[in-house]
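Participant: Next one to model:
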Amino acid sequence: VCKLMLRRYRAYDLKPVRADIKKHDIKAGLPDETKGCNLIFVDPAYGDMNEADYRHPEGSLASLTLEDFLAWEAEVAGSCKAMLAKGGHVAFLIQNQTGPSVPPDRGYIDHAFEAYQRFTAAGFTPVRRISVPMPTETLTPQHIEKAQEERRMLGLVRDLLIFQKR
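Facilitator: The predicted structure follows:
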């Protein structure tokens, strides 16, 4: 979108798949060149939510325990606050989590709620929460079968949380 609108942008990933995406591990913090930017868009791997048909690279956020992932979330909220220009925005895309990887004492993890708490604690003002439907084509018969075996519902929505640095 930035490219189409002739906006300057930088894209990073632990495992880049295009020439315009630079290699960077978000666990090391935000790149220095993001200082003073107007928008940071974060789409993290959610804890250990690896699926058999898509494996995150070794050492990615997906390899963290839930506690470590939530601690990282607080760190990235603080990094975004430090790097954004005054009035800048951060967009955080996250999906809730169910299933056997969720600790029994939790049952269900509302990652959007968790992220909301961390970003507001870092001093951000919430602007909007947008439900982002996932296309049903992303589900394989294995996803459906596994959900049926585990007697749980499939999640087909992610949340895009928008915050502003005032």
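
Participant: just checking, what packs against the worst-scoring helix or strand of the chain on mean pLDDT?
Facilitator: Within the chain, confidence by mean pLDDT, DSSP states H and E is lowest for helix 141-149 among all helices and strands, at a mean of 83. Helix 141-149 sits against no helix or strand, with contacts defined as 3 or more CB pairs under 8 Å, 6 or more residues apart in numbering; DSSP states H and E. Placement of C-beta: from N, CA and C, glycine included.

Participant: Could you pick out the longest strand of this structure?
Facilitator: In the chain, taking DSSP state E as the definition, the longest strand is strand 84-95.

Participant: Dump the C-alpha coordinates for the next helix or strand after it into PDB.
Facilitator: Remark: after strand 84-95, the chain's next helix or strand is helix 111-121, criterion DSSP states H and E. Provided in PDB are the C-alpha atoms of helix 111-121 (Å, rounded to 0.1, in the frame of the first residue of the first chain):
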ATOM      1  CA  HIS A 111      -4.000 -11.800  22.400                       C
ATOM      2  CA  ALA A 112      -5.800  -8.500  21.400                       C
ATOM      3  CA  PHE A 113      -6.800  -7.900  25.000                       C
ATOM      4  CA  GLU A 114      -3.200  -8.700  26.100                       C
ATOM      5  CA  ALA A 115      -1.700  -6.300  23.500                       C
ATOM      6  CA  TYR A 116      -4.200  -3.600  24.300                       C
ATOM      7  CA  GLN A 117      -3.000  -3.700  28.000                       C
ATOM      8  CA  ARG A 118       0.700  -3.600  27.100                       C
ATOM      9  CA  PHE A 119       0.400  -0.700  24.500                       C
ATOM     10  CA  THR A 120      -1.800   1.400  26.800                       C
ATOM     11  CA  ALA A 121       0.600   0.800  29.700                       C
END
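
Participant: Mind giving me the packing neighbours of the helix or strand just after helix 111-121?
Facilitator: Downstream of helix 111-121, the first helix or strand assigned by DSSP H and E is strand 125-133. With contacts taken as 3+ CB pairs under 8 Å, 6+ apart, strand 125-133 sits against helix 111-121, strand 157-164.

Participant: can we see that at 6 Å?
Facilitator: Packing partners of strand 125-133 (3 or more CB pairs under 6 Å, 6 or more residues apart in numbering; DSSP states H and E): strand 157-164.

Participant: Could you check the strand it packs on and say which residues are buried?
Facilitator: Residues of strand 157-164 classed as buried: 158-163 (neighbour count, 16 or more other CB atoms under 10 Å).

Participant: Skipping adjacent residues, who's closest to residue 43 in space?
Facilitator: Leaving aside its sequence neighbours, residue 43 sits nearest to residue 93 (CB to CB, 6 or more residues apart in numbering; 4.3 Å).
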